[in-house]
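Colleague: Here is a sequence together with a model predicted from it:
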Amino acid sequence: MTCPDFDWKSYILDEITAPERRQMEQHLTGCSHCQEEVEGLRLTVTALRRLPVQEIPKRISFVSDPVFEPSGWQRFWNSAPRLGFASAALLAGAIVLHGYIARPVPATPTALASAQIEQQVQARVNAEVARVLPAAVDQRIQVQLKPAMAELSARLQEVQTASEQGRKADQKLVADAFTVLEKRYNTLYVTAARYGGD
């Protein structure tokens, strides 16, 4: 155990005044613990002085240098949350794309029923007119039937427009649901990144 009153490092490195040195040397003659500490410090200083002098390196590389950083693709493929989010986004994109692909829109039951009724009525009217009335009367009836047929066509067009608007509303709902899902995944990703999740 060393004596707390003396700074033996300063003694070894000659950083003390002459009266302090004499006092410390007097103490050394009678204290074996301090003699051991001074001897150990002398050996350390001697060993340090024997080390060769080397030039200081101009640049020290650290582990955090860009040379050791993985590329963007490596970071992406090694991150489970990012890869999971990319897979979910790709799947959602495929579902939305499948919904928007141009394919024949099946006719709604209302449109099919209206078309069938129109065909049946037209066939019956033509058959009855051909059976009962001569050609001149037939022309006059055709002139009178044109406004009714035009009105029927307009109503059919309205039904088709309504069904098209319904389809567009459904597509908008799907797009909104995808946006909400994307925001949730972004929130999960930010939370995982903030708390060290990988």
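Modeller: That came through fine.

Colleague: When you work out contacts or count neighbours from here on, use the C-alpha atoms and nothing else.
Modeller: OK.

Colleague: By mean pLDDT, which helix or strand of the chain comes out lowest?
Modeller: Ranking every helix and strand in the chain by mean pLDDT, DSSP states H and E puts helix 72-77 at the bottom, with a mean of 70.

Colleague: after it comes which helix or strand?
Modeller: Toward the C-terminus, helix 72-77 is succeeded by helix 80-100 as the next helix or strand (DSSP states H and E).

Colleague: what helices or strands is the helix or strand that that following helix is followed by leaning on?
Modeller: Using DSSP H and E, the next helix or strand after helix 80-100 towards the C-terminus is helix 109-132. With contacts defined as 3 or more CA pairs under 8 Å, 6 or more residues apart in numbering; DSSP states H and E, helix 109-132 has these neighbours: helix 135-194.

Colleague: Rounded mean pLDDT for the helix it packs on, please.
Modeller: Per-residue pLDDT values across helix 135-194 average out to 81.

Colleague: Next, the angle from that helix to helix 109-132.
Modeller: Following axes from the mean of the first three to the mean of the last three CA atoms, to 10 degrees, one obtains 170 degrees for the angle between helix 135-194 and helix 109-132.

Colleague: Now do helix 135-194 against helix 80-100, angle only.
Modeller: Angle, helix 135-194 to helix 80-100, by the same axes, to 10 degrees: 180 degrees.

Colleague: who does helix 135-194 touch, helix- and strand-wise?
Modeller: In terms of contact count using 3+ CA pairs under 8 Å, 6+ apart, helix 135-194 is assigned the packing partners helix 80-100, helix 109-132.

Colleague: mean pLDDT for those: which is lowest?
Modeller: Lowest mean pLDDT of those: helix 109-132, a mean of 75.

Colleague: What separation is there between residue 182 and residue 145?
Modeller: When distance is defined by CA to CA, to the nearest Å, residue 182 is 56 Å away from residue 145.

Colleague: Who has more neighbours out of these two?
Modeller: Neighbours were tallied for residue 182 and for residue 145 using other CA atoms under 10 Å; the higher tally belongs to residue 182 (16 against 12).

Colleague: List the residues that contact that one.
Modeller: When contacts are counted by CA atoms under 8 Å, 6 or more residues apart in numbering, residue 182 touches residue 89.

Colleague: What's the separation between it and residue 157?
Modeller: Look at residue 182 and residue 157: by CA to CA, they are 37 Å apart.

Colleague: Residue 12 and residue 120: what is the separation?
Modeller: Counting by CA to CA - residue 12 and residue 120 are separated by 120 Å.
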